[in-house]
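K.L.:
my questions concern the predicted model and sequence given below.
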Amino acid sequence: MNFNQKNPKVMIKKLVNPFENFTDRKLLQISFLGLIVGTLLAFLGNGRFDGLMNFHLFTEVKIWQPFLDFLINTAIYSALLFIFGAILNKRTRKIDIYTVCFWSQMPFYLLPVFNIGGKLKRFESELLQALTENPQDLSYLAQDYGMLVLLILVTIFAILALIIFSYWSWIGFKWATNSKNNWHILVLVVIVLISSILSKSIIQSINN
């Protein structure tokens, strides 16, 4: 895959199914680069990936915490995904499953960007406090339209990231296992949910 291609449509088309258009080596290289960038952005934006499909803002984050979150999320998700993949196809390779898990999580890495400087976290905390004290008083929302718009944008981006994560997980799983049955997506959904619950529980237990 050549990143110097001048036609953006070609790049977008290849990103629709990266597993069929990138080499194994390139997929891993991009995934590890995404991990480094995502961890750094999470540190700068005081965010934590505290669960496979979870991202929350904090007042302070240590640089190693987002990295540990990623390792836990990936370890659980890849383990469950490999077990199911091995049942379907004994030739399923662990490296392919790891690649799918690494790659599919990359959309979440951009979420911390919205909180660099801590303004979004402060607005979120003040908004929750205002709504807790008086749930019927929405006047606080009108005090800073800019931050409210940013909060809406974050929500929209988070939904898009979740959709892309789900899509890449599915086509990546089919690529890694040579799955041809669409009903396997139901099992994949269960695996994602279980992985999210387990990873969140483990991360919370470590934090406590």
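P.N.:
Looks like it came in fine.
K.L.:
drop to CA atoms for contacts and neighbour counts, all remaining ones
P.N.:
OK.
K.L.:
and stretch 91-101, how far out from the chain's middle?
P.N.:
Computed by Cα atoms, centre = their mean, to the nearest Å, the separation of stretch 91-101 from the middle of its chain amounts to 18 Å.
K.L.:
equivalent analysis for stretch 63-72, please.
P.N.:
13 Å.
K.L.:
lowest confidence element among the helices and strands of the protein?
P.N.:
Using mean pLDDT, DSSP states H and E, the weakest-scoring helix or strand in the chain turns out to be helix 119-133, at a mean of 71.
K.L.:
packing partners for the longest helix along the chain?
P.N.:
Counting residues, the longest helix found in the chain (DSSP state H) is helix 145-177. Identification of packing neighbours for helix 145-177 by 3 or more Cα pairs under 8 Å, 6 or more residues apart in numbering; DSSP states H and E yields helix 18-21, helix 64-88, helix 94-104, helix 119-133.
K.L.:
buried residues in stretch 185-201?
P.N.:
Residues of stretch 185-201 classed as buried by neighbour count (16 or more other Cα atoms under 10 Å): 185, 188, 191-192, 194-200.
K.L.:
any idea of the mean pLDDT in it?
P.N.:
What stretch 185-201 shows for mean pLDDT is 95.
K.L.:
give me the below-cutoff pLDDT ranges for this protein.
P.N.:
Low-confidence segments of the chain, defined by pLDDT under 70, span residues 1-8, 126-127, 130-131, 133-144, 208.
K.L.:
one step back: mind putting the helices and strands packed on helix 145-177 into TSV with mean neighbour count and distance to residue 175?
P.N.:
Shown next, in TSV, are the helices and strands packed on helix 145-177 (neighbours: other Cα atoms under 10 Å; distance: least, Cα to Cα, whole Å):
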stretch	mean neighbour count	distance to residue 175
helix 18-21	18	7
helix 64-88	19	11
helix 94-104	22	8
helix 119-133	15	38
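K.L.:
looking at these, which is closest to residue 38?
P.N.:
Residue 38 sits nearest to helix 64-88 of all these, at 8.3 Å, using Cα to Cα.
K.L.:
and the angle for the closest one with helix 94-104?
P.N.:
Interaxial angle, helix 64-88 versus helix 94-104 (axes from the mean of the first three to the mean of the last three Cα atoms, to 10 degrees): 130 degrees.
K.L.:
helices or strands up against helix 64-88?
P.N.:
Where contact means 3+ Cα pairs under 8 Å, 6+ apart, helix 64-88 is packed against helix 24-44, strand 47-48, helix 94-104, helix 145-177, helix 184-207.
K.L.:
now residue 46. Nearest residue, chain neighbours left out?
P.N.:
residue 61 (5.0 Å; Cα to Cα, 6 or more residues apart in numbering).
K.L.:
circling back to that earlier point, any idea which of the helices and strands packed on helix 64-88 gets closest to residue 16?
P.N.:
Of those, nearest to residue 16 by Cα to Cα is helix 145-177, at 8.3 Å.
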